[in-house]
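[1] could you work out the structure for the sequence below:
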Amino acid sequence: MNARNDSIVELRRQHPKWSYEAIAATVGCTRGVVAGVLHRAGVTDPKSSKAIDTPRPRRFGERNSYAKLSAGDVRLIRSVYRPRCPRYGATALALRFGVVPKTIEAVFHGRSWAHVQ
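    Numbers count the residues shown, from 1 in each chain. Got it, this is the predicted structure:
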């Protein structure tokens with residue numbers, strides 16, 4: 001690390017409540033430079049108590065806030081799906097569940113919702 005990076009890390013440790021903008025103004029660089037230096041140094045984010053590079057837990061299935069299907073829907077799709085069938089094909093089921101046909105195919109073949117039996 002160079003002197004500027006050392007001073008950024010030292011300022012963060014001395015003043016943990018300072019924002020990235022305040023550190024950037026003190027050191028004379030941009031907020032992005034400060035964020036990058038602190039990220040590479042493993043110093044914590046001012047907005048949370050966790051380290052910046054701590055991965056978020058993955059949200060599978062219904063725990064994902066954007067999920068359009070439920071585990072019951074997935075089981076139903078797998079039991080009734082018939083390729084190229086006008087009544088139980090991907091397009092018909094996609095319209096019924098409010099998703100695209102590729103999602104129905106991915107669910108059936110186990111590329112999506114693989115954790116559901």
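[2] could you give the average pLDDT over stretch 29-48?
    In this model, stretch 29-48 carries a mean pLDDT of 78.
[3] run the chain-centre distance for it.
    20 Å (Cα atoms, centre = their mean, to the nearest Å).
[4] tell me the domain ranges of the chain?
    Following automatic domain parsing, the chain resolves into domains at 3-41, 61-109.
[5] could you tell me the least trusted of those domains?
    Of all the domains of the chain, domain 3-41 has the smallest average pLDDT, which comes to a mean of 86.
[6] dump the domains of the chain to a markdown table, plus distance to residue 116 and mean neighbour count.
    For the C-beta atoms, the positions are set from N, CA and C on the backbone; glycine is no exception. Shown next, in a markdown table, are the domains of the chain (distance: least, Cβ to Cβ, whole Å; neighbours: other Cβ atoms under 10 Å):
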| stretch | distance to residue 116 | mean neighbour count |
| --- | --- | --- |
| domain 3-41 | 36 | 15 |
| domain 61-109 | 5 | 15 |
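[7] closest to residue 117 out of those domains?
    domain 61-109 (8.0 Å; Cβ to Cβ).
[8] so how far does that closest one reach from one end to the other?
    With Cα to Cα, to the nearest Å as the measure, the ends of domain 61-109 fall 16 Å from one another.
[9] just checking, residue 75 touches residue 116?
    Yes: here residue 75 lies in contact with residue 116, judged by Cβ atoms under 8 Å, at a distance of 6.6 Å.
[10] show me what the host helix or strand of residue 104 is packed against.
    For residue 104, the element it lies in under DSSP states H and E is helix 101-109. Secondary-structure packing of helix 101-109 (3 or more Cβ pairs under 8 Å, 6 or more residues apart in numbering; DSSP states H and E): helix 71-80, helix 90-97.
[11] so it versus helix 90-97, what angle?
    100 degrees (axes from the mean of the first three to the mean of the last three Cα atoms, to 10 degrees).
[12] any residues touching helix 101-109, and which ones?
    Here helix 101-109 makes contact (Cβ atoms under 8 Å, 6 or more residues apart in numbering) with 68-69, 74, 77-78, 81, 90-91, 93-94, 97, 112-113.
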